[in-house]
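A.B. asks: predicted model and sequence below, questions to follow.
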Amino acid sequence: MNIGFLILMIVGGAAGLFSTLYILISLPYMIIKKVYRKAKYGISLFD
């Protein structure tokens, strides 16, 4: 395998991994945050 192609595979794989981890962490965090604000302050879930 060519070294440039190997580096490209590693960089692409890392970008995919980090974007997946960001979505898996931020989506539940935002949902929990909105439910908490709704319960404590009565703020709309869609605001």
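C.D. replies: It's in.

A.B. asks: mind listing the helices for this protein?
C.D. replies: Secondary structure of the chain (DSSP state H): helices located at 3-41.

A.B. asks: low-confidence stretches in it?
C.D. replies: Of all residues in the chain, none has pLDDT under 70.

A.B. asks: give me that answer again for 80
C.D. replies: Across the chain, residues meeting the criterion (pLDDT under 80) sit at 1, 47.

A.B. asks: run a quick neighbour tally on Ile31.
C.D. replies: Using other Cβ atoms under 10 Å, Ile31 has 11 neighbouring residues. C-betas here are computed from N, CA, C, even on glycine.

A.B. asks: can you check Asn2 too?
C.D. replies: Number of residues near Asn2 (other Cβ under 10 Å) recorded here: 7.

A.B. asks: tell me the phi and psi of it?
C.D. replies: According to degrees, to the nearest 10, the main-chain angles of Asn2 amount to phi -70, psi 140.

A.B. asks: how close does Arg37 get to Thr20?
C.D. replies: 27 Å (Cβ to Cβ, to the nearest Å).

A.B. asks: between these two, point out the one with more neighbours.
C.D. replies: Between Arg37 and Thr20, Arg37 has the larger neighbour count (other Cβ under 10 Å), namely 14 against 10.

A.B. asks: ok, and the closest non-adjacent residue to that one?
C.D. replies: In space, and not counting its chain neighbours, Arg37 is closest to Ile43: 4.7 Å by Cβ to Cβ, 6 or more residues apart in numbering.

A.B. asks: would you confirm that that neighbour contacts Val35?
C.D. replies: No - contact between Ile43 and Val35 fails when scored by Cβ atoms under 8 Å: they sit 10.5 Å apart.
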